[in-house]
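Enquirer: When you get a sec, could you give me coordinates for this:
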Amino acid sequence: MEVPKKLKMPDGNVHYIKYLYIVINGLKQKGGRVEISDRTLEYFKKGLNDYNEAKAAKYGLSFKPREVNIEVVKHVLTELQSLNLIHKEKSHIMLTDEGEKVASLIEGKKTEELKEVFTKLMLETFTIFEYFLKRVKEISNGRGIPIPFITSNVFDACNGESKKIADNYIEIIKNHSNLHINKSKLYQLLESEKVDLIEKKTKKINKLQTILEKFVVSEAFYPEIKSRRVYDFVRARTTFLGLTNYANFTFDGFPAEVVYLISDFESNSFKYSTREIVYQGGKIYIHSPKFEEIKEALKEAMSKVYIEKKDEFGYVRIADMRDLVCGELKISDNLFDNYVKKLYQEEPHWLSFTYAGASEKITEKRLPIIFEKPMREFFTLIKLNLRR
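Expert: Below you'll find the model as predicted:
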């Protein structure tokens, strides 16, 4: 049997794997076979937009999701064909046998099984994901490369000098990875783009951000990843699948986004339990600690963050605590949320929650914790009772 040739990456770079789920499920609801027409594309588009609206309502997102267009639907269908989950025959598309199996998992809400299936599919079909994971391991021992996130405070601390800002981030990258940054090359780029001639502060910050993040991404992942757009796509996919996680961390007053590994191609890379996924080409191990084995380490990490970050009322933003604890323990956001809920069930005296109000900025990466029972509530702030 001929082994299909691997592709570099999916057509269209659709960030959300959930979009693949929705189209598969939509096709299943139509009996697994539909005629290709404008009406069919509109049907899938509506499914994607309904999903985005429902998610925004569920989590109280601080922004309105951008409406999905027909081009996105076409890209999803092309990718599903590449993954052999749908098949095109003359004027119709239909689920393959593998697509039917995936549709059954979606219908049964088998979240972990779905992620395992799509991890295998991504690694077997597209070269960019395995490359990215191995490259992060190679240049940072899995800890990730700090991608500059230039704020107004950073700008003011460096008196708006582009080379001074660049120097600070180069030093941070040097101290947290073994990636060598060519300072002269970056200086030449800043000069050729005439950054220091930009007078308006906001415009200069935005220009600096674009130049520095693209430069660092290109230096770290060339030739496979040469733009922030592709980097974000790979980051979104691998994070959803539990292979990586990411957050903004501050290095001596300089914030940077870091994508770090919560998976590895070696079985002994993590302290706690892992899940093994076998794919054509090897095995990958996803860090998946059991609650009982990580419980004390989780409480200790949460306590440490709480002491450092609590406000005058004794609360910490859940999103801040999640970012820092997940970074320390190398776990996913979902696992953190699930285990914090378990902690609350077992030790309700130890932690409590509240909602910060409409001013709290809620994004795809900074979500609240939601409790469905006894009544549906979501929380953005957490308090620990460390005296008990």
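
Enquirer: Tell me where this protein is predicted with low confidence.
Expert: For the chain, the stretches flagged by pLDDT under 70 are 1-4, 388.

Enquirer: Over to the residue lying farthest from the centre of it: give its phi and psi.
Expert: In the chain, the residue that sits farthest from the middle, by Cα atoms, centre = their mean, is Lys90; the gap is 37.1 Å. Here is the backbone geometry of Lys90 (degrees, to the nearest 10): phi 60, psi -110.

Enquirer: who are the neighbours in contact with it?
Expert: If you count contacts by Cβ atoms under 8 Å, 6 or more residues apart in numbering, Lys90 has none. In this view, the C-beta of every residue, glycine as well, is placed from N, C-alpha and C.

Enquirer: chain center to the helix or strand harbouring Glu112: distance?
Expert: Secondary structure assigned from DSSP states H and E places Glu112 in helix 111-125. Distance of helix 111-125 from the chain centroid (Cα atoms, centre = their mean, to the nearest Å) equals 16 Å.

Enquirer: And that helix, what's buried?
Expert: The neighbour-count check on helix 111-125 (16 or more other Cβ atoms under 10 Å) flags 114-125 as buried.

Enquirer: Which one of these is nearest to Asp320?
Expert: Comparing these against Asp320 with Cβ to Cβ places Lys115 closest, at 25.7 Å.

Enquirer: The closest one against Leu241, yeah?
Expert: Yes: taking Cβ atoms under 8 Å as the contact criterion, Lys115 and Leu241 are neighbours in contact, 5.3 Å apart.

Enquirer: now the helices for the protein?
Expert: Counting by DSSP state H, one finds helices in the chain at the ranges 17-29, 38-59, 70-82, 97-107, 111-125, 127-140, 152-157, 162-176, 183-192, 201-221, 228-240, 291-309, 318-329, 333-346.

Enquirer: could you dump the ones you listed to CSV with distance to Ile370?
Expert: Listed next are those as CSV, based on distance: least, Cβ to Cβ, whole Å:
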stretch, distance to Ile370
helix 17-29, 17
helix 38-59, 7
helix 70-82, 27
helix 97-107, 21
helix 111-125, 15
helix 127-140, 29
helix 152-157, 32
helix 162-176, 33
helix 183-192, 43
helix 201-221, 32
helix 228-240, 18
helix 291-309, 18
helix 318-329, 11
helix 333-346, 8
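
Enquirer: and of the ones you listed, who's closest to Pro255?
Expert: Proximity to Pro255 (Cβ to Cβ) singles out helix 152-157 among these, at 7.2 Å.

Enquirer: Show me what counts as buried in the closest one.
Expert: Going by neighbour count (16+ other Cβ under 10 Å), the buried part of helix 152-157 is 154-155.

Enquirer: ok now that helix, how far from the chain's centre?
Expert: A distance of 27 Å separates the centroid of the chain from that of helix 152-157, by Cα atoms, centre = their mean.

Enquirer: Number the residues from 21 up from this point.
Expert: All set: I'll call the first residue 21, so the last point we hit is now helix 172-177.

Enquirer: what packs against it?
Expert: In terms of contacts (3 or more Cβ pairs under 8 Å, 6 or more residues apart in numbering; DSSP states H and E), helix 172-177 is packed against helix 182-196, helix 221-241.

Enquirer: looking at the ones you listed, which is closest to Ala76?
Expert: Smallest distance to Ala76 across the helices and strands packed on helix 172-177 (Cβ to Cβ): 26.0 Å, for helix 221-241.

Enquirer: Does anything pack onto that closest one? Which helices or strands?
Expert: Against helix 221-241 (3+ Cβ pairs under 8 Å, 6+ apart) you get helix 147-160, strand 167-168, helix 172-177, helix 182-196, helix 203-212, helix 248-260.

Enquirer: Pick the most buried one from those.
Expert: Counting by mean count of other Cβ atoms under 10 Å, strand 167-168 has the highest mean neighbour count of the helices and strands packed on helix 221-241, with a mean of 24.

Enquirer: Can you name the residues in contact with that one?
Expert: Contact with strand 167-168 is made by 185, 189, 229, 232-233, 236-237, 251, 274, 276-279, as judged by Cβ under 8 Å, 6+ apart.

Enquirer: Tell me which strands it pairs with, and in which orientation.
Expert: Strand 167-168 pairs in its sheet with strand 274-281 (antiparallel), by DSSP bridges.

Enquirer: Thanks again, I'm all set now.
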